[in-house]
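> Give me the fold of what follows.
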Amino acid sequence: MNNNLTISKLLIVSRAVSLFCILFLSSCTTEQNLELKYSFESAINVTQNSTEFEKIKFQPLENLDLGFHKGNIWIKLDITNRDRYGSYVVMTNDLINRNYRFYKLDTLSHSLKPVSDIKDVSMHDHRTLNYPKPNFEISLAPNENASYFISTTSDGRILQGTPQLIKMEAYRTVMSRTTLFNIIFFAAIGMLFLINVFHWSILKNKIYYFYGLYILSSCLFYLNVEGYLYGLGFTHQTIDHFMFVSIRIWILSAILFTAKFLDLNETNPKFYRLIKWLLISILGGTTLYQFTFYTTSIANLHLLENLFGFVWVVVAISMISYSVKQRKLQAKYYLIAFSFLLSFILLGLIDSHTTLLPGDPFSYFKIGTIIEFCGFTYFIALIIKRNINKTQVLENELIQNKQELLDISKQLETSLDTAASKTTIEKTDLLSIFKLLESTLSKEEDWHEFKSKFKELSPNFLINLNQTHSNLSKSEIRLLILIRIGFTQKEIANILNIVPDSVKKAKHRVRKKLNLSKSITLTDYLASYN
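Okay, here's the model as predicted:
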């Protein structure tokens, strides 16, 4: 594979990431001089409804990014316009809460009137534009005084309700930048996916199945969590269930890819089986609970899914720890790529609970995801290329060893024929024959070394053979290895220091053990165990 081609493709993606980050930082800047008077007040854990708004005790605005919160909050906005018409937007950073109601105080009736006429609140809330973040347009006449009220209810999910007032023009700019930001994000992921499809078409390595699933499930995860299914005719409840399923698919694909990247099935099969059972029990059990209690499970699932995300990080770190000794290079590469994602996830979590950082939490998740995918794309190609080179070296060594064995066998045969033609066997003949026999695979340690080299070249042959035919003896496995390499019956006889007829009988016995029909040769049958 052309390594320069891979690097050039990744450079294109890295430029997209750079533009991506610039757009992210620029889209975070919404502060401006509004040249009008306004003030926010808030009330948390309100029990009154819109007809009892006068009983609500408002306080100067507090931080309403409350994390996992259960209950109602109300926001009051008093605003005095300047001497010209103005159009403004009140917005919050909420992503997964769709229960916002927007009212204007009618001074004549002294009651709250909904600004938007929503026929089905199970599918829409009072936001003005169908956009992931809640937004409410305010149109004011010159010198108009008005009071607006916003209420929202959270059933235990993360709530980010701190309001912000900006001009409509500025809000549309933010929307445009965010849209472009997301287009670049999904385009970069699509480009990385196509690069890996191209690598798979050349290398035919199964790791790309797991990696491709991981990339696609990440796209599904972001599309669901950020609310891009809203406005397509689904109810809020249905979209929440879609979101939870996509999160679980993402976690499942991430763990399976991690296990494959680190060769966990080969280095630590017991731990690998434990992880599979954990996945089945935790993710499967949660999915069963979700759909068994379809209408009541959503509130608890918000906390559970965040907990599973933490469990995934712990499992990934555990897999890296278990793989350090036997797969040091893979563990190092994985840790480098994974650390970028983890760092940006931590920044996003900090932002979701403290709002000390610019932007919304998932912007940090996205940046970390792209950088992680760039790293994995490069490292996977690098590891496969290294393994191909290593396999080629081992294959050359095996061919060389096979030729040496053939040469030794021929020398042994010549020496035996020479000794047999003499009337008396001299000591030098015995010594020559003995040395040749020592050079063959007659010693147990020689067989062990030969078997290790063969296992490196064809790692799955002995594993698959033992799984299918666990009743084979050590001598039968040796015979099958030599047949698999391509030695003839006569060559095997010389290597094992037995007569060809004994090899023929041994092959007949092993065919019976393998339960082979006469139409299938041992060579063809063993070739299927690669």
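> low-scoring stretches of the stretch 301-450 of the chain, by residue?
Counting by pLDDT under 70, the stretch 301-450 of the chain contains low-confidence ranges at 351-361, 394, 404-405, 407-450.
> any chance you could map the helices in it?
For the stretch 301-450 of the chain, the helices defined by DSSP state H, counting those that start in this stretch occupy 328-354, 361-421, 427-439, 444-457.
> From the contact counts, what lies against the first one?
Read that as helix 328-354. Packing partners of helix 328-354 (3 or more CB pairs under 8 Å, 6 or more residues apart in numbering; DSSP states H and E): strand 65-80, helix 236-261, helix 298-323, helix 361-421. For every residue, glycine as well, the C-beta is placed using N, CA and C.
> Swap in 6 Å and give it another go.
helix 298-323, helix 361-421 (3 or more CB pairs under 6 Å, 6 or more residues apart in numbering; DSSP states H and E).
> Which among these is found nearest to Ile481?
With distances scored as CB to CB, the stretch of these nearest to Ile481 is helix 361-421 (10.9 Å).
> need the helices and strands packed on helix 328-354 in JSON lines with distance to Thr235 and mean neighbour count, can you?
Output for the helices and strands packed on helix 328-354, formatted as JSON lines (distance: least, CB to CB, whole Å; neighbours: other CB atoms under 10 Å):
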{"stretch": "helix 298-323", "distance to Thr235": "11", "mean neighbour count": "17"}
{"stretch": "helix 361-421", "distance to Thr235": "23", "mean neighbour count": "17"}
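> JSON lines for these, including distance to Asn143?
Compiled in JSON lines, the helices and strands packed on helix 328-354 are given as follows (distance: least, CB to CB, whole Å):
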{"stretch": "helix 298-323", "distance to Asn143": "44"}
{"stretch": "helix 361-421", "distance to Asn143": "38"}
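> and of those, who's closest to Ile195?
When the helices and strands packed on helix 328-354 are ranked by proximity to Ile195, the top entry is helix 361-421, at 5.9 Å, counting by CB to CB.
> following the helix or strand where Val197 lies, which helix or strand comes up?
Remark: Val197 resides in helix 168-203, with elements defined by DSSP states H and E. Remark: after helix 168-203, the chain's next helix or strand is helix 207-225, criterion DSSP H and E.
> Spatially nearest residue to Val245 (excluding sequence neighbours)?
The spatial neighbour of Val245 that comes closest, neighbours along the chain excluded (CB to CB, 6 or more residues apart in numbering), is Thr287 at 7.1 Å.
> Looks to me like that neighbour is in a strand.
No. Per DSSP: H, G, I helix; E, B strand; the rest coil, Thr287 lies outside any strand segment and is helix.
> Check what pLDDT it gets.
With respect to pLDDT, Thr287 has a value of 91.
> how close does it get to Ser217?
15 Å (CB to CB, to the nearest Å).
> Between those two, which is the more surrounded one?
Per other CB atoms under 10 Å, whichever of Thr287 and Ser217 has more neighbours is Ser217, with 20 against 14.
> Contacts only, for that one.
Contact analysis of Ser217 by CB atoms under 6 Å, 6 or more residues apart in numbering lists Ile249, Trp250, Ser253.
> now swap in Thr162 and tell me
Residues near Thr162 by CB under 6 Å, 6+ apart: Asn63, Leu64, Asp65.
> Please apply the same query to Arg157.
Here Arg157 is in contact with Ile96, His302 (criterion: CB under 6 Å, 6+ apart).
> run the last query once more with 10 Å
When the contact criterion is CB atoms under 10 Å, 6 or more residues apart in numbering, the partners of Arg157 are 67-70, 94-97, 99, 240, 298-299, 301-303, 305-306.
> picking that back up, now the helix holding Val197 against helix 207-225, angle please.
160 degrees (axes from the mean of the first three to the mean of the last three CA atoms, to 10 degrees).
> My read is that Leu406 contacts Phe487, right?
Yes. Counting by CB atoms under 10 Å, Phe487 is a contact partner of Leu406 at 8.1 Å.
> Name the spans of the protein whose pLDDT lies under the cut-off.
Low-confidence regions of the chain, defined by pLDDT under 70, span residues 1-33, 351-361, 394, 404-405, 407-459, 530.
> Spatially central residue for it, please.
Per CA atoms, centre = their mean, the C-alpha nearest to the average position across the chain is that of Ala254, at 3.0 Å.
> Is it correct that that residue is in contact with Tyr334?
No. The pair Ala254 / Tyr334 is not scored as a contact, 11.5 Å apart, by CB under 10 Å.
> shared neighbours of the two, anything?
Between them, Ala254 and Tyr334 have Ala316 as joint contacts when contacts are counted by CB under 10 Å, 6+ apart.
> need the contact list for the residue nearest to Val245.
Going by CB under 10 Å, 6+ apart, Thr287 touches His241, Phe244, Val245, Arg248.
> Tell me, how many residues neighbour Ser116?
The burial metric for Ser116, expressed as a neighbour count using other CB under 10 Å, is 15.
> Could you do Leu66 as well?
18.
> How about Ser470?
Using other CB under 10 Å, the number of residues around Ser470 comes to 7.
> Quick one: residues contacting Val324.
Neighbouring residues of Val324 by CB under 10 Å, 6+ apart: Leu262, Thr267, Gln330, Ala331, Lys332, Leu335.
> mind running it again at 8 Å?
Residues near Val324 by CB atoms under 8 Å, 6 or more residues apart in numbering: Ala331.
> Would you mind measuring from it to Ile477?
When CB to CB is applied, the distance between Val324 and Ile477 equals 32 Å.
> Over to Lys55?
Distance, Lys55 to Ile477, by CB to CB: 84 Å.
> These two: which is more packed in?
For Lys55 against Ile477, the residue with the higher neighbour count under other CB under 10 Å is Ile477, and the figures read 17 against 10.
> can I assume that one sits in a helix?
Yes. Assignment of Ile477 by three-state DSSP places it within a helix.
> Let me know whether it touches Ser470 as I believe.
No. Assessed by CB atoms under 8 Å, Ile477 is found out of contact with Ser470, at 11.0 Å.
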